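J.: show me the folded form of this:
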Amino acid sequence: MKTKKFWAVLTSLALVVTFLLPGIAFAAGDNDYQIIFGIQQKVSESVYNKEVDKGNGQAGQKEQLKENNKQQGKNRERNQIKNQVRKKMPDIANHWAKKNIERLNLEGVVRGYANGTFQPNKPVTMAEVITMVVKALGYEDEAQAKMDATLPYNNMAAVPKWAVGYVAVAIDKNLIDPSVHFQPNRAASRIAVTTILVKALGIDPGEDAVQAAVYFSDTNTLDETSKEYLILAVLNDLIKGYDDKTFKPNKPVTRAEMATLLGLLEDKLGTCLKNGRVKGILVSVDAANAIISVASNVTDSVYDSVYDSVYKEVKDYKVIDEAAIYRNGQPAELGDLEAGDRVLLLLNAEGNVAYLEAKEFTADKKYIGGEVTAIDTANKKLELLRFGVLKVTYNVSEDAKVIVDDKEADLEDIGVGDQVKVELNADGVAIKIIK
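T.: Here you go, the predicted model:
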């Protein structure tokens with residue numbers, strides 16, 4: 001997996017998701033799948049073997065099964081966004097994670113159970129987490145092609161058959177270390193999921209020195225590698241702890257939590273730019289006729305800074321009556337949307353909008369905020385307390401601009417206890433400080 005520069009990622013990520021909320025399993029959508037532990041699985045090899053000419057022998061059967069698996073993956077990829085919104089799941093009607101569950105469900109990454117429920121508070125296993133993350137990263141076809149793979153090390157023997165391809169891909173993409181004891185059927189802990197998600201972001205804790213200390217009261221027993229991944233997760237606005245300053249690293253992760261984190265992962269990586277998904281800027285809204293105009297394929301510099309007319313494509317989309325619509329994380333109507341909103345669309349087979357997620361545009365993403373806990377004017381260093389639990393030290397550029405009460409000032413005018421906004425360059429150096 002291509003590694004991204006840590007500070008470049010740090011300065012571009014803005015959304016904070018609380019990782020202490022009450023996972024997500026997959027359920028069958030096609031007739032040739034059954035539900036086992038909530039995971040979409042092949043009914044059996046024998047079902048497919050019946051379709052293979054018996055004269056081909058066992059080798060031919062196995063090869064045909066592998067090809068069937070590969071084709072099934074391609075078919076699901078093309079038809080992830082169905083012709084209509086999936087059946088409503090009554091147990092998420094008022095759930096805090098409903099938005100993300102609906103989104104990931106429409107994408108085909110997560111599904112409900114055969115009885116129509118989602119069971120949002122049910123813990124997820126490590127095998128389920130790996131499967132979800134691999135699907136969210138867009139490696140479904142690759143996983144299906146590896147269903148007959150031989151996994152390394154004896155500790156992989158317990159991997160369920162339906163998860164073999166996904167685990168194989170996870171190893172290839174360095175999401176998990178095969179030499180470490182892997183318990184696929186055990187409930188996934190918060191620290192284990194944190195580590196996998198940071199790896200999925202492409203951030204290597206060993207690439208850059210991180211001057212930070214985590215102030216969770218219950219993480220002292222974690223090994224140094226786990227602490228590094230936890231620091232990166234907090235710094236990149238991926239997680240935070242509980243109000244009592246604990247992280248609860250061994251607490252199981254639920255299906256609802258995974259839906260939320262997977263949605264965030266897609267947003268950060270931009271994997272929602274394919275397969276019936278459109279990300280861009282809302283140009284206009286015709287609520288009466290349920291038509292929206294969206295500028296897509298916007299360059300990152302335009303998307304993250306200013307709203308102007310530099311678009312590669314502007315297109316109209318019909319919004320279906322049953323579409324799930326959200327703005328700033330809350331249920332909304334088309335009339336609530338405004339030009340300039342950043343939008344994510346999930347399209348059905350006809351190219352109409354089945355899911356719409358809008359966020360009010362703010363051009364302040366390049367800044368980070370926090371309380372000054374220490375300042376070294378001689379050596380040009382600034383320490384901030386971020387998210388209430390994390391102290392981070394930043395180098396300050398020699399020509400950094402300091403603004404105090406809307407007036408130009410010096411670094412000496414910033415003191416401990418001040419609340420500041422800091423602009424960082426691509427190397428993580430402070431180039432502007434605002435009090």
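J.: ok, now which ones touch Ile101?
T.: 24, 89, 92, 95, 110, 118, 120, 256, 259 (Cβ atoms under 8 Å, 6 or more residues apart in numbering). All C-beta atoms are positioned from the backbone trio N, CA, C, and that covers glycine.
J.: my read: Pro123 touches Ala256, true?
T.: No. In this structure, Pro123 is not within contact of Ala256 by Cβ atoms under 8 Å, at 10.7 Å.
J.: the more surrounded of these two?
T.: Ala256 (25 against 18; other Cβ atoms under 10 Å).
J.: any regions of the stretch 101-250 of the chain where pLDDT drops low?
T.: 155, 206-213 (pLDDT under 70).
J.: can you give me the strands in it?
T.: 212-214 (DSSP state E, counting those that start in this stretch).
J.: and stretch 412-432, how far from the chain's centre?
T.: How far stretch 412-432 lies from its chain's middle: 28 Å, per Cα atoms, centre = their mean, to the nearest Å.
J.: for it, C-alpha coordinates in PDB please.
T.: What follows is stretch 412-432 as a C-alpha-only set of coordinates in PDB (Å, rounded to 0.1, in the frame of the first residue of the first chain):
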ATOM      1  CA  GLU A 412       6.400  36.100  22.500                       C
ATOM      2  CA  ASP A 413       2.800  37.400  22.600                       C
ATOM      3  CA  ILE A 414       1.500  33.900  22.700                       C
ATOM      4  CA  GLY A 415       1.300  32.400  26.200                       C
ATOM      5  CA  VAL A 416       0.400  29.100  27.900                       C
ATOM      6  CA  GLY A 417      -3.300  28.700  28.200                       C
ATOM      7  CA  ASP A 418      -4.100  30.600  25.000                       C
ATOM      8  CA  GLN A 419      -6.500  29.100  22.500                       C
ATOM      9  CA  VAL A 420      -4.900  29.300  19.100                       C
ATOM     10  CA  LYS A 421      -5.400  28.300  15.500                       C
ATOM     11  CA  VAL A 422      -2.300  27.100  13.700                       C
ATOM     12  CA  GLU A 423      -1.700  26.800   9.900                       C
ATOM     13  CA  LEU A 424       0.800  24.100   9.000                       C
ATOM     14  CA  ASN A 425       2.800  23.600   5.800                       C
ATOM     15  CA  ALA A 426       3.200  20.200   4.100                       C
ATOM     16  CA  ASP A 427       6.100  19.400   6.500                       C
ATOM     17  CA  GLY A 428       4.000  20.000   9.600                       C
ATOM     18  CA  VAL A 429       5.800  23.300  10.500                       C
ATOM     19  CA  ALA A 430       3.700  26.100  11.800                       C
ATOM     20  CA  ILE A 431       3.600  29.000   9.400                       C
ATOM     21  CA  LYS A 432       0.800  31.000  10.900                       C
END
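J.: may I see the buried residues of it?
T.: 413-414, 418, 420, 422-424, 428-430, 432 (16 or more other Cβ atoms under 10 Å).
J.: element containing the residue sitting nearest the centre point of the chain?
T.: Note on the chain: the residue nearest the mean C-alpha position is Leu265, at 1.3 Å, using Cα atoms, centre = their mean. Here Leu265 sits within helix 255-269, counting by DSSP states H and E.
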